[in-house]
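Q: Compute the structure for the input listed below.
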Amino acid sequence: MKAMVYYGDHNIKLEEKPKPTILKPTDVIVKVLKTTICGTDLGIYKGKNPEIASGRILGHEGVGIIEEVGSSVSQFKAGDKVLISCISACGSCSYCKKQMYSHCKDGGWILGYMIDGVQAEYVRIPHADNSLHKIPSTIDDETAVLLSDILPTGHEIGVQYGNVKPGDEIAIVGAGPVGMSALLTAQFYSPSKIIMIDLDENRLEMAKELGATHSINSGSENVEEVIKKIVEEEGVDVAIEAVGIPQTWDICQKIVKPGGHIANVGVHGKKVDFEIEKLWIKNLTITTGLVNTNTTPMLLKAAATNKLPLKKMITHHFKLDELEHAYQVFLDGAKEKAIKIIISNE
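A: Residues are numbered from 1 along each chain as shown. Below is the predicted model:
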C-alpha cells in the first residue's frame, strides 16, 4: 500500500509499505477514505519530535471503512464507515475512567507517533471499540475528518478549559485550523466578543466569516493597544493560545484581565517566559492539555445539524498520490492560503 513515511528531520517519503494486519483481538483494519495533514505532522517533519522511529507512517486524522475486525471488537463490523479519533483509548485504565483518554496507559496520541498512522491506504486501529465513531448519514466524509482532532482540540483545550461563558470577551491567538475550531465552538457558549489575532490577513478574513467579532493583525498593529480599545483597559476574560510559539504566549499573558483564563492549546517546542512577577497577583487560571476527545460524540451531533460552517475551513484537495506536494502546500500555508487540506484515497 502507499503510505507517507517519516525518516527523520525534513525527510518524509510517499512509498510502498506492507498492508497492516490484526495484531490484537481489539484491533480493526480500516481502509482510509479521507485523511489530512495536521500542524503536529508539520512539527514532526521539522524534527520537533526526534523520539519518533524512522520508518513510521504519519497521520492521526481520518475517515474510512472497516475491512477487518478483531475477535474482541463488539461495537463495529466490517463495512462500517467510521471516524478515526486522533486519540486511542483502552477504556479501562485509571485515566480512561476519568475520561482523560489522552493519557491512556495503552493509548493516547499514538497514531502517526508511536504506531503507524492514517496517511496511508490502510491503518490498524487499536482499542477500536473506544477509538472509533460511527458517522451520522448527515455528515459528509470531508467534514467528518475535521472531527478527528481539530474540532475537539479547539473545543476541549481552548474553549472548555478556558471556561468560556455567556457574555465573555475572548481572544484567540492564532487563526489556523485549531484556532478556527476554537472560534466555532466558542459560539456554543455565547461570548459577547471574539477577537481573532493572527499575522495572515486571509485567515483573519475567514475568521470574520466564521463568527469573529473583531480581528487584529499582530504584524501591523499593536495588539495590547487595540485590545484595550475593544474591551477596555483590563483585557479579555479568556485568552486562547493556538499556535505554540513564545510570541503568541506573550500576547496571551499580556492581554488577559484579573480573574481571567489563559488556555494554552498550541504545541510548544521552545521555552517561554512566564511573567510570574506580573501575573502572581492577577488570580489567573492557566491550563494546558492534549485533547481527550471525550466531547467528540457531542460534536458529531452538532455537526450533523449542518449549522456549523466547517467546510469553509477546507481550502485544498489532493489525492493520496499527491501527498508529498500537499505537505509543501501546507508548509507554505500563508502563500497558498491553506487552512485545512483533504487527502482522498478513493
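Q: Beta-bridge partners for residue 57, please?
A: Legend: beta-bridge partners of residue 57 under DSSP bridges are residue 5.
Q: got the contact list for the spatially most central residue of the chain?
A: With the centre of the chain defined as its mean C-alpha position, the nearest residue by CA atoms, centre = their mean is residue 150, 2.6 Å away. Residue 150 makes contact with 38, 61, 177, 178, 180, 181, 340, according to CB atoms under 8 Å, 6 or more residues apart in numbering. Every residue, glycine included, has its C-beta placed from N, CA and C.
Q: Between these, which sits nearest residue 131?
A: For the contacts of residue 150, the residue nearest residue 131 by CB to CB is residue 61; the value is 12.7 Å.
Q: on that earlier part again, out of the contacts of residue 150, which are buried?
A: The neighbour-count test (16 or more other CB atoms under 10 Å) marks 38, 61, 177, 178, 180, 181, 340 as buried among the contacts of residue 150.
Q: Tell me which two in these are the farthest apart.
A: 61 and 180 (15.0 Å).
Q: which non-adjacent residue is nearest residue 258?
A: Take residue 258 and drop its neighbours on the chain: the residue closest to it by CB to CB, 6 or more residues apart in numbering is residue 282, 4.6 Å away.
Q: A strand includes the one you found, no?
A: No: read with DSSP: H, G, I helix; E, B strand; the rest coil, residue 282 is coil and lies in no strand.
Q: Now do the phi/psi pair for it.
A: For residue 282, the backbone dihedrals are phi -90, psi 0 (criterion: degrees, to the nearest 10).
Q: what's the burial count for it?
A: Applying the criterion other CB atoms under 10 Å, we find 14 residues in the vicinity of residue 282.
Q: just residue 232 next, same as before
A: 10.
Q: And it, how close does it get to residue 211?
A: Computed as CB to CB, to the nearest Å, the residue 232 to residue 211 distance reads 22 Å.
Q: do the same with residue 293
A: With CB to CB as the criterion, residue 293 and residue 211 are 23 Å apart.
Q: which of these two has more neighbours?
A: Neighbours per residue (other CB under 10 Å) separate residue 293 from residue 211, with residue 293 holding more: 28 against 15.
Q: Strands along the stretch 1-150 of the chain, start to end?
A: Assigned by DSSP state E, counting those that start in this stretch, the stretch 1-150 of the chain shows strands spanning 2-6, 12-16, 28-36, 56-57, 62-69, 81-84, 122-125, 132-134.
Q: Which one, of those, ends up nearest to residue 107?
A: Each of the strands of the stretch 1-150 of the chain was scored for nearness to residue 107 using CB to CB, and the closest is strand 122-125 (10.4 Å).
Q: Sketch out the helices for the stretch 151-300 of the chain, chain order is fine.
A: Using DSSP state H, counting those that start in this stretch, the helices of the stretch 151-300 of the chain run over 177-186, 201-209, 223-231, 246-255, 276-279, 296-303.
Q: Serialize the ones you listed to JSON lines and add fields for distance to residue 25 and mean pLDDT.
A: Below are the helices of the stretch 151-300 of the chain laid out as JSON lines (distance: least, CB to CB, whole Å; pLDDT from 0 to 100):
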{"stretch": "helix 177-186", "distance to residue 25": "34", "mean pLDDT": "98"}
{"stretch": "helix 201-209", "distance to residue 25": "45", "mean pLDDT": "96"}
{"stretch": "helix 223-231", "distance to residue 25": "53", "mean pLDDT": "97"}
{"stretch": "helix 246-255", "distance to residue 25": "44", "mean pLDDT": "98"}
{"stretch": "helix 276-279", "distance to residue 25": "50", "mean pLDDT": "96"}
{"stretch": "helix 296-303", "distance to residue 25": "24", "mean pLDDT": "97"}
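Q: Identify the residues contacting residue 104.
A: Residue 104 makes contact with 87, 88, 89, 90, 93, 95, 96, 127 under the criterion CB under 8 Å, 6+ apart.
Q: repeat that with 7 Å
A: Contacts here follow CB atoms under 7 Å, 6 or more residues apart in numbering; on that basis residue 104 touches 88, 89, 90, 93, 95, 96.
Q: ok, now residue 279?
A: Under the criterion of CB under 7 Å, 6+ apart, the contact partners of residue 279 comprise residue 253.
Q: State the distance from it to residue 168.
A: In this view, residue 279 and residue 168 are 19 Å apart by CB to CB.
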